[in-house]
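**Student:** Fold the following for me, if possible:
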Amino acid sequence: MELQKMANGHHELSPGKSTREDGFDALENMAERDQFLPQKTDGTRETSFTDFEGKTSFGMSVFNLSNAIMGSGILGLAYAMSNTGIVLFLMLLTFIAILTAYSIHLLLKSAGVVGIRAYEQLGLRAFGQAGKVVAACIITIHNIGAMSSYLFIVKIELPFVIEGLLGQTEKSSGEWYLNGNYLIIIVSLGVILPLALMRQLGYLGYTSGFSLSCMVFFLISVIYKKFVMECPVFSGNSTHLPMSPVYSSGNDTCTAKLATLTPQAAYTIPILAFAFVCHPEVLPIYTELKKPTKKRMQNVANISIMAMFVMYLLTAIFGYLTFYGKVGEELLKSYSTTDTLMLCVRFAVLVAVTLTVPVVLFPIRRAVLQLLFPEKPFHWARHILIAFCLLFLVNLLVIFVPNIRDIFGVIGATSAPSLIFILPGIFYVRIVPEEQEPMKSRPKIMAIMFAALGFIFMVMSISFIIVEWVTGESRGIGGH
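**Tutor:** Sure, this is the predicted structure:
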């Protein structure tokens, strides 16, 4: 259970307080609670998160968390389905969605027991300073990878959108406005940075809602295209341009498979896991939720996961049933660049991923603040400088690394299972008092098994990537 608020600046418990959890946590964790969210100050003391008045509505919190869940991984789901078949994909998608909801339950339960709503502070409470550093580093690495994947989509797709709007059929390399490197810098400074300077994550609920609307338009267009396009058999290939379709019917490649296993099926679980990673954003959204309770935040998470589950499933099914075994690793690449509707879809996806970057940046900034300035009050100069430096770093990655797919693979294989499985499980085991739940109790045994599952998943993912490198094969794994 959560600790009582400190009233009028006095560090004392409320009268009549008798439960052992309250007394234990209040005495042992008072200093830790004082370190979180020290923005509000009256000149005499810093306040803890329990003094922070959340103002974000339930609906806006759902938009923010849904936007945090939905990432560039949605573009790789049809490809994943083509390698597993419809039934097996549905089973895996359901399995990952349920595990994601359970891992968020573990996080919220741990946060409620000690009165902490920062991922890094949970690490500190569970394993001391080492746990805090590990949690902050994993969050930073994963979210930098996610931000890079979003900006890579901008770098690749925005020139095609501009070409379509200008009516050009061939790229003119001499035009600066068709250079993806210049475009991501303009988008970063003109759109992402101003949104990233918001002081509270809740204010991004409106942009998150608009971003989700763009992805709903993407989904509707994918469904529509299924019914107006014949099954294509692709010829030729290109690094950036879509393959040339030769439409055919009655072909074996145009037959949907309910269950199949290809060599690329090994990457299906990583793709699905990356697509559901939202854990670094859960606790910040919980902090800013109006009338925050564990049940209320769990409902936010469940609704967000269910909404993304439906979007993911429909996108995968109709994308797969449009191109079948010839679907591209990134779904948009399978469509023609001269199609007016898909040109609008590309623009909508660009807007969606661009508006998602600020939401992903917030947990990184909090991780940096927790590591470097844990007891400092809020300061605009520090707030702005961290956001600018993070965007500068991500832009450098996107511009100078020619193929970051392998880096994403390593990051995803290590950070995704850590954030979804391992950290929530071990935090729960370490933080929940044995007086409340003994080590041999069913909830703690389940948490241990959950963390072990994440470790197995990590070893398997890294092994697949190493095998791919050794054999010299090139297969994309997508990204969150």
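**Student:** Low-confidence regions, the stretch 101-250 of the chain specifically.
**Tutor:** Applying pLDDT under 70 to the stretch 101-250 of the chain flags the ranges 116-117, 168-174, 201-205, 232-250.
**Student:** residues contacting F309?
**Tutor:** Taking CB atoms under 8 Å, 6 or more residues apart in numbering, we find F309 in contact with 93-94, 97. Glycine gets a C-beta too; all of them are placed from N, C-alpha and C.
**Student:** Quick check: longest helix in the chain by residues?
**Tutor:** If you go by DSSP state H, the chain has its longest helix at helix 119-166.
**Student:** Tell me which other helices or strands it touches.
**Tutor:** Here helix 119-166 is seen to pack against helix 30-35, helix 86-114, helix 180-187, helix 279-288, helix 340-372, helix 380-400, helix 405-417, helix 423-431 when contacts are counted using 3 or more CB pairs under 8 Å, 6 or more residues apart in numbering; DSSP states H and E.
**Student:** Report the angle between it and helix 86-114.
**Tutor:** 140 degrees (axes from the mean of the first three to the mean of the last three CA atoms, to 10 degrees).
**Student:** quick one: helix 119-166 to chain centroid distance?
**Tutor:** Relative to its chain's centre, helix 119-166 lies at 8 Å (CA atoms, centre = their mean, to the nearest Å).
**Student:** I'd like the numbering to begin with 45 instead of 1 from here.
**Tutor:** Done: numbering now begins at 45, and the last item shifts to helix 163-210.
**Student:** circling back to that earlier point, quick one: which of the contacts of F353 is nearest to M386?
**Tutor:** Using CB to CB, L137 comes nearest to M386 of those, at 24.7 Å.
**Student:** Isn't the closest one up against L316?
**Tutor:** Yes: the criterion here is CB atoms under 8 Å, and L137 meets it with L316 at 6.0 Å.
**Student:** between these two, which one's more packed in?
**Tutor:** L316 (27 against 22; other CB atoms under 10 Å).
**Student:** For F107, give me its contacts.
**Tutor:** F107 sits in contact with 249-250, 252-253, 256, where contact means CB under 8 Å, 6+ apart.
**Student:** Dump the helix or strand where it lies to PDB, restricted to CA.
**Tutor:** Using DSSP states H and E, F107 sits within helix 102-113. Output in PDB follows, covering the C-alpha atoms of helix 102-113 (Å, rounded to 0.1, in the frame of the first residue of the first chain):
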ATOM      1  CA  PHE A 102      -8.100   8.900 -17.200                       C
ATOM      2  CA  GLY A 103      -8.700   9.300 -21.000                       C
ATOM      3  CA  MET A 104      -5.500  11.300 -21.600                       C
ATOM      4  CA  SER A 105      -3.500   8.700 -19.600                       C
ATOM      5  CA  VAL A 106      -4.900   6.000 -21.900                       C
ATOM      6  CA  PHE A 107      -3.900   8.000 -25.000                       C
ATOM      7  CA  ASN A 108      -0.400   8.500 -23.600                       C
ATOM      8  CA  LEU A 109       0.200   4.900 -22.700                       C
ATOM      9  CA  SER A 110      -1.400   3.600 -25.900                       C
ATOM     10  CA  ASN A 111       0.900   6.000 -27.800                       C
ATOM     11  CA  ALA A 112       3.900   4.700 -25.800                       C
ATOM     12  CA  ILE A 113       3.000   1.100 -26.600                       C
END
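**Student:** tell me the mean pLDDT over it?
**Tutor:** For helix 102-113, the per-residue pLDDT values average out at 84.
**Student:** Buried residues in that helix, which are they?
**Tutor:** Buried residues in helix 102-113, counted by 16 or more other CB atoms under 10 Å: 104-113.
**Student:** now, which of these sits nearest I206?
**Tutor:** Of all those, N111 has the smallest distance to I206: 25.1 Å, by CB to CB.
**Student:** Chain neighbours aside, what residue packs nearest to the closest one?
**Tutor:** Leaving out its chain neighbours, the residue that sits closest to N111 by CB to CB, 6 or more residues apart in numbering is S252, at 3.8 Å.
**Student:** helices or strands up against the host helix or strand of the one you found?
**Tutor:** For S252, the host element (DSSP H and E) is helix 249-272. Applying 3+ CB pairs under 8 Å, 6+ apart, one finds that helix 249-272 makes contact with helix 102-113, helix 338-367, helix 384-416.
**Student:** quick one: contacts of it?
**Tutor:** Looking at what lies outside helix 249-272 - CB under 8 Å, 6+ apart - the contacts are 100-101, 103-105, 107-108, 110-111, 114, 118, 239, 355, 358-359, 362-363, 365-366, 375, 379, 385-386, 388-389, 392-393, 395-396, 399-400, 402-403.
**Student:** and the angle from that helix to helix 338-367?
**Tutor:** Using the same axes, to 10 degrees: helix 249-272 against helix 338-367 is 30 degrees.
**Student:** Report the distance from helix 249-272 to the chain centre.
**Tutor:** The mean C-alpha position of helix 249-272 is separated from the chain mean by 18 Å, CA atoms, centre = their mean.
**Student:** buried stuff in that helix?
**Tutor:** For helix 249-272, burial by neighbour count (16+ other CB under 10 Å) applies to 249, 251-253, 255-256, 258-259, 261-263, 265-267, 269.
**Student:** what's the answer for stretch 482-490, then?
**Tutor:** 487-488.
**Student:** Quick check: end-to-end length of it?
**Tutor:** Using CA to CA, to the nearest Å, the gap from the first to the last residue of stretch 482-490 comes to 12 Å.
**Student:** Any chance you could list what contacts it?
**Tutor:** The contact list for stretch 482-490, computed with CB under 8 Å, 6+ apart, reads 472-473, 476, 481.
**Student:** and with 6 Å instead?
**Tutor:** 473, 481 (CB atoms under 6 Å, 6 or more residues apart in numbering).
**Student:** same deal with stretch 177-186?
**Tutor:** 163-164, 167, 324, 407-408, 411, 414-415, 455, 459, 462.
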